[in-house]
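*Asks:* Structure for this input, please:
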Amino acid sequence: MGHGQELKTRTEPQIEILERGEIYFFYRPKVDKEAHSPDDVQRFHIVLRPDLDLEPEDNPRHSGKEGQAKPFNKKEEVNVETQPLLRLIIMGRKSLPDPSKKGRPYWGFVDMVTTTIEDVKNALKGGEYDARTKGHRHNPPGRALGEGIYRILRHNTGKKTRTHLIYKLELPPDGDKNEPQESLNVEREGSFLIQIKNPDQQQQQHGDTSSQFGGTRSKRKAAVFPAHLQGKFGKLRYHPADTPEFLNYEGCEFCRTIFTVFKRFNSIVYTTTIRI
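*Replies:* Presented below is the predicted three-dimensional model:
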C-alpha cells in the first residue's frame, strides 16, 4: 500500500469538550518562608468551578455527596443544577509539572467538594498553633497564584481515548512579572493528560503516590464511586476523566502527565464540538 493510500485511511482525531469552567491556583508557603521554589511551599492547591450549563439533560451530574460523610457536616444531597460547585484539589508535588520533564507523573486528589465559597476560604486560611520545640507559630494562609478558564477535553484517536485538562490564565494580566508563577511552573496556558485512579487498587498499590502526598494519605479516605462510575474501570488501574463526574467525589485521585505549554487554547475551544 502506498503512502497516499495510507493517508486516505487514517482516522482524524475527534475532540469534544466534556466540561468548562473557572480555574484558580493557590499555594501555601511554609512557616516563616517566602516561596521562591517548590521547596518553600507546604501545599499547592487548584480550585475548579465547573460551568454546569454544559451538562446533558439525560445524564445529570451528581455532587458526590450522596450517602457519604463530608467535611463541615454536609450530608445533604446537593442540587448541582442550581448551586455552584467547587472542587478543592491538592497536588502531590508543590508545583505544576515541569514542561521539560515530560512523562513524569504528578498526582492530585480531590480534597473537598462543596457549594459554599466559605468552605474553600476556611480550608485556605491561615492559623496559629504552638509547636513543642519552636513555640508559637503562624501558619500562613493560601496565596493566589492566578485564575482563568479551563476545559476538560475528550480526545479520540482510533480506539484510544484520552482526556486533557487545558487552561488559560486571565489574572494576573499577561505581561506582569510574577516570581511565584515562574517558580511553580504556572504558565499562561497549559495542557495536561489526566487519568482517574481506580480506588479499589489504591490500597494494594500506593507506593507511586505516597511520597508525593506525604502524611496526607493516612488522613484521608479513598473515593467511593457509585456503580456506574466504578464499573468503567473494570480491572484497569486508570480510566480517562470521561466523565468529569469522577472529580465530584472527595478522595478521587488522579494522575497528570505530559504537561505542555501551548498557545492554542482559543483555537481549540472555539473550533471544538461541545457535548450537550
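
*Asks:* Walking through this protein, point out its strands one by one.
*Replies:* Under the criterion DSSP state E, the chain carries strands at the ranges 14-29, 41-50, 86-91, 106-114, 127-131, 135-139, 143-157, 160-171, 189-197, 238-240, 253-260, 273-274.

*Asks:* Of all the ones you listed, which one is nearest Ser100?
*Replies:* strand 253-260 (9.7 Å; C-beta to C-beta). Just so you know, the C-beta spots here come from the backbone N, C-alpha and C atoms, and that holds for glycine as well.

*Asks:* give me the low-pLDDT residue ranges for the chain?
*Replies:* For the chain, the stretches with pLDDT under 70 are 1-13, 31-40, 53-83, 101-104, 127-138, 177, 202-220, 258-276.

*Asks:* Mind doing that once more with 90?
*Replies:* Under the criterion pLDDT under 90, the flagged ranges of the chain are 1-15, 27-44, 51-84, 91-107, 125-145, 155-162, 171-193, 200-222, 235, 255-276.

*Asks:* Can you add mean neighbour count and distance to Lys232 and give the strands of the chain back as CSV?
*Replies:* Formatted as CSV, those follow (neighbours: other C-beta atoms under 10 Å; distance: least, C-beta to C-beta, whole Å):
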stretch, mean neighbour count, distance to Lys232
strand 14-29, 20, 14
strand 41-50, 21, 19
strand 86-91, 21, 19
strand 106-114, 22, 17
strand 127-131, 9, 39
strand 135-139, 10, 39
strand 143-157, 19, 13
strand 160-171, 19, 11
strand 189-197, 22, 9
strand 238-240, 18, 5
strand 253-260, 20, 14
strand 273-274, 10, 22
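
*Asks:* List the buried residues for stretch 85-105?
*Replies:* By 16 or more other C-beta atoms under 10 Å, the buried positions in stretch 85-105 come out as 85-97, 105.

*Asks:* and those as a markdown table, adding distance to Ile194?
*Replies:* Output for the buried residues of stretch 85-105, formatted as a markdown table (distance: C-beta to C-beta, whole Å):
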| residue | distance to Ile194 |
| --- | --- |
| Leu85 | 18 |
| Leu86 | 18 |
| Arg87 | 13 |
| Leu88 | 17 |
| Ile89 | 11 |
| Ile90 | 15 |
| Met91 | 12 |
| Gly92 | 14 |
| Arg93 | 15 |
| Lys94 | 19 |
| Ser95 | 17 |
| Leu96 | 13 |
| Pro97 | 12 |
| Pro105 | 11 |
